[in-house]
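Novice: Output the structure for:
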Amino acid sequence: MMDYEVLKVIWWVLIGVLLIGFAIADGFDMGAGILMPFVGKKDTERRIAINALGPHWDGNQVWFITAGGAIFAAWPVVYSVAFSGFYWAMLLVLFALFFRPVGFEYRSKVKDSRWRTAWDWGIFAGSFVPALVFGVAFGNLFQGVPFKLDSLMYSNYTGNFFQLLNPFAILCGVVSVAMLVLQGGNYLHLRTTGDVAERARKYSAIGGVVAVVAFILAGVWLKAGIDGFVLTKMGDPNAALDVLHKTVEVKPGAWFNNYAAVPALWIAPLLGVVGTLLSVLVGLKGRAGIAFILSSLAIAGIIFTAGGSLFPFVMPSSIDPASSLTMWDVVSSHKTLGIMFVAACIFVPLILIYTSWCYYKMWGKVTEEHIEKNPVGSY
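Specialist: Alright, predicted model coming up:
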């Protein structure tokens, strides 16, 4: 079995990969859900947008469930502290997500404009709220979460839901929503025709421009106005560590220390900015497939940028830096991480294979003719 230290790093990377998979796959159907009321000016056009997502949206949830399960199994302390601090935010996401499956399945079952319009906005809310909250959560991680661990590892959270909605966190939420709008717009542009595709192309460009501007502003703000956390002392990373037995300092500009130490990390933000801009330019020229690939790479770059800054922190504490959670000391046992690694090597490729097969078998443009033949079909 691999060293404990190596497994800790591997699971840091794997959880990042799962989050990126979620943002790319579930992100495009959330982005398309946000755009659906706007790219469709009439019922048929909105059904075109929904049917472009119909065969895949529920399968995309696998990435969300897998990422959540991996965090629970690999970083159990993070899971428990996060549910204490972000409970109402998570509940808000959960309730918003309820609108998606019900909206997709029942929206077109009743041929009534009020019924369908209500579910159109339900799908919008079920897509917009999670995208915003996920970005807000990352913004709060950079500022530190107001919690403290006692000697028995009980978490005492001193904040409230409205404190999470601070200006920097909202800016990070804008980055999240905008990059998913870019992704969703590119997907609709790729899978639809006519006016729906044309509107999706324009909205994806707007999303891309907003994402780049907000991403750069967040970086400048992080450098100039938000103190970072530095792990200055801890035990042997190859051992099981006590969360409270380490020294953490708060210093100005410290979130950029990793980039100074490892200049290659600058590839991530560069990919985020350049990938987004190229996706916008290529998409405006009608190359939807290439634009979608570029926006997927941009999403990976943006998420890796956040991970590269936070490393090795998972959840810093703003009121007691020593209680901050890092990937060295909040992990499961050596044996658990080893078993999970073997499982991941088996099942993640299987997920990729069957997901790719599903897209291959159900690919093609969604046309108005198909919608008119199924006036009250599934979607």
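Novice: average model confidence for stretch 77-88?
Specialist: Averaged across stretch 77-88, pLDDT comes to 84.
Novice: Can you give the distance of that stretch from its chain's centre?
Specialist: Its chain's average C-alpha position is 17 Å from that of stretch 77-88, according to CA atoms, centre = their mean, to the nearest Å.
Novice: And that stretch, what's buried?
Specialist: 77-79, 81-82, 85-86 (16 or more other CB atoms under 10 Å). (Each C-beta comes from the backbone N, C-alpha and C, glycine too.)
Novice: Would you map the helices across the stretch 101-250 of the chain?
Specialist: For the stretch 101-250 of the chain, the helices defined by DSSP state H, counting those that start in this stretch cover 113-143, 161-164, 167-191, 194-225.
Novice: by contact count, what packs against the last one?
Specialist: Contacting helix 194-225 under the criterion 3 or more CB pairs under 8 Å, 6 or more residues apart in numbering; DSSP states H and E are the following elements: helix 4-39, helix 43-53, helix 167-191, helix 267-284, helix 288-310.
Novice: one step back: for the helices of the stretch 101-250 of the chain, which one sits closest to residue 251?
Specialist: helix 194-225 (12.3 Å; CB to CB).
Novice: most packed of the helices of the stretch 101-250 of the chain?
Specialist: For these, ranked by mean neighbour count under the definition mean count of other CB atoms under 10 Å, the leader is helix 167-191 at a mean of 26.
Novice: how far does it sit from the chain's center?
Specialist: 10 Å.
Novice: list the helices and strands it packs on?
Specialist: helix 4-39, helix 43-53, helix 113-143, helix 194-225, helix 267-284, helix 288-310.
Novice: Tell me which helix or strand comes right after the second one.
Specialist: Under the assignment DSSP states H and E, the closest C-terminal helix or strand after helix 43-53 is helix 57-74.
Novice: tally of neighbours for the closest residue to residue 53 other than its chain neighbours?
Specialist: Ranked by CB to CB, 6 or more residues apart in numbering and with sequence neighbours excluded, the top spatial neighbour of residue 53 is residue 29, at 4.7 Å. Neighbourhood size, residue 29 [other CB atoms under 10 Å]: 29.
Novice: Now residue 252. Its backbone dihedrals?
Specialist: phi -60, psi 140 (degrees, to the nearest 10).
Novice: quick one, what contacts it?
Specialist: By CB atoms under 8 Å, 6 or more residues apart in numbering, the contact list for residue 252 reads 227-228.
Novice: rerun at 7 Å
Specialist: residue 227 (CB atoms under 7 Å, 6 or more residues apart in numbering).
Novice: Relative to residue 196, how far out is residue 147?
Specialist: According to CB to CB, to the nearest Å, residue 147 and residue 196 sit 46 Å apart.
Novice: What of residue 62?
Specialist: 27 Å.
Novice: What of residue 16?
Specialist: 34 Å.
Novice: got it, and residue 236?
Specialist: Distance from residue 236 to residue 196, by CB to CB: 58 Å.
Novice: Could you do residue 257 as well?
Specialist: 46 Å.
Novice: For the host helix or strand of residue 344, buried residues please.
Specialist: Per DSSP H and E, residue 344 falls inside helix 334-361. Buried residues in helix 334-361, counting neighbours by 16+ other CB under 10 Å, are found at 334, 337-338, 340-341, 344, 348, 351, 355.
Novice: Convert stretch 190-202 to PDB, retaining C-alpha atoms only.
Specialist: Taking Å, rounded to 0.1, in the frame of the first residue of the first chain, the C-alpha atoms of stretch 190-202 are listed here in PDB:
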ATOM      1  CA  LEU A 190     -24.200  22.700 -30.000                       C
ATOM      2  CA  ARG A 191     -27.400  20.700 -29.600                       C
ATOM      3  CA  THR A 192     -30.000  23.000 -30.900                       C
ATOM      4  CA  THR A 193     -30.800  24.900 -34.200                       C
ATOM      5  CA  GLY A 194     -32.300  28.100 -35.300                       C
ATOM      6  CA  ASP A 195     -33.200  31.000 -33.000                       C
ATOM      7  CA  VAL A 196     -32.600  28.900 -29.800                       C
ATOM      8  CA  ALA A 197     -29.000  28.200 -30.900                       C
ATOM      9  CA  GLU A 198     -28.400  31.800 -31.900                       C
ATOM     10  CA  ARG A 199     -29.700  33.200 -28.600                       C
ATOM     11  CA  ALA A 200     -27.600  30.600 -26.700                       C
ATOM     12  CA  ARG A 201     -24.500  31.700 -28.600                       C
ATOM     13  CA  LYS A 202     -25.100  35.300 -27.600                       C
END
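Novice: which residues sit against that stretch?
Specialist: So stretch 190-202 is contacted by 35, 38-40, 45, 48-49, 52, 185, 188-189, 283-284, 288-289, 292, 365-367 (CB under 7 Å, 6+ apart).
Novice: just the CA coordinates of stretch 205-216, formatted as PDB?
Specialist: Provided in PDB are the C-alpha atoms of stretch 205-216 (Å, rounded to 0.1, in the frame of the first residue of the first chain):
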ATOM      1  CA  ALA A 205     -20.600  35.100 -24.900                       C
ATOM      2  CA  ILE A 206     -22.100  37.400 -22.200                       C
ATOM      3  CA  GLY A 207     -21.500  34.800 -19.600                       C
ATOM      4  CA  GLY A 208     -17.900  34.300 -20.700                       C
ATOM      5  CA  VAL A 209     -17.100  38.000 -20.500                       C
ATOM      6  CA  VAL A 210     -18.700  38.400 -17.100                       C
ATOM      7  CA  ALA A 211     -16.800  35.300 -15.800                       C
ATOM      8  CA  VAL A 212     -13.400  36.600 -17.000                       C
ATOM      9  CA  VAL A 213     -14.000  40.100 -15.500                       C
ATOM     10  CA  ALA A 214     -15.300  38.700 -12.200                       C
ATOM     11  CA  PHE A 215     -12.500  36.100 -12.000                       C
ATOM     12  CA  ILE A 216      -9.800  38.700 -12.500                       C
END
